[in-house]
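In: Okay, structure incoming, though there's no sequence with it:
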């Protein structure tokens, strides 16, 4: 699978790093896997999807509507990172269709700064190690 999922901040920020070619089937699998990161607790859950290393996709709008944040009831912010303006545009459309709070940024640092500015209860945020298994 061309993604990894981990906590950036335990029970507060989920970090998803996608890389390579991402398919609709893999997006569905990712959505199922992320459910174990969605606990019931007093804080809103923020999700950062870092697509800076994604080389392409072969999915349609229906696949994109199945993104992980569409099923998170206690979602704070859905942050999407991509240098591609087109990818950020599609992420914006999906966020609006899902009626969730979302922002799109060209860099991870911009996304982290935004979250830090929106929630002063978060600890200082730093970019995670983006290691992944080669296909």
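Out: It's in. None of these values were measured; they are calculated from a predicted model.
In: Please make it C-alpha for all contacts and neighbour counts, starting now.
Out: Will do.
In: contacting residues around the longest strand along the chain?
Out: Longest strand of the chain, by residue count under DSSP state E: strand 45-57. Residues from elsewhere that reach strand 45-57, judged by CA atoms under 8 Å, 6 or more residues apart in numbering: 11-24, 38, 69, 74-83, 107-108, 111.
In: For the buried ones among those residues, write the corresponding ChimeraX selection.
Out: In ChimeraX syntax, the buried subset of those is picked out as below (16 or more other CA atoms under 10 Å):
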select :11,12,13,14,15,16,17,18,19,20,22,23,24,38,69,74,75,76,77,78,79,80,81,82,83,108,111
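In: rewinding a little: now the longest strand of the chain: how far from the chain's centre is it?
Out: Strand 45-57 has its C-alpha centroid displaced from the chain centroid by 5 Å (CA atoms, centre = their mean, to the nearest Å).
In: Please identify the buried residues of it?
Out: So strand 45-57, judged by 16+ other CA under 10 Å, has buried residues 45-54.
In: Also stretch 80-98?
Out: Across stretch 80-98, burial judged by 16+ other CA under 10 Å covers 80-83, 87-88, 91-95, 98.
In: average pLDDT across the lengthiest helix in the chain?
Out: Assignment by DSSP state H gives helix 85-98 as the longest helix of the chain. For helix 85-98, mean pLDDT rounds to 82.
In: Identify the nearest residue to residue 111 in space, disregarding sequence-adjacent positions?
Out: Leaving aside its sequence neighbours, residue 111 sits nearest to residue 105 (CA to CA, 6 or more residues apart in numbering; 5.9 Å).
In: Could you report the neighbour count for the one you found?
Out: When neighbours are counted by other CA atoms under 10 Å, residue 105 registers 19.
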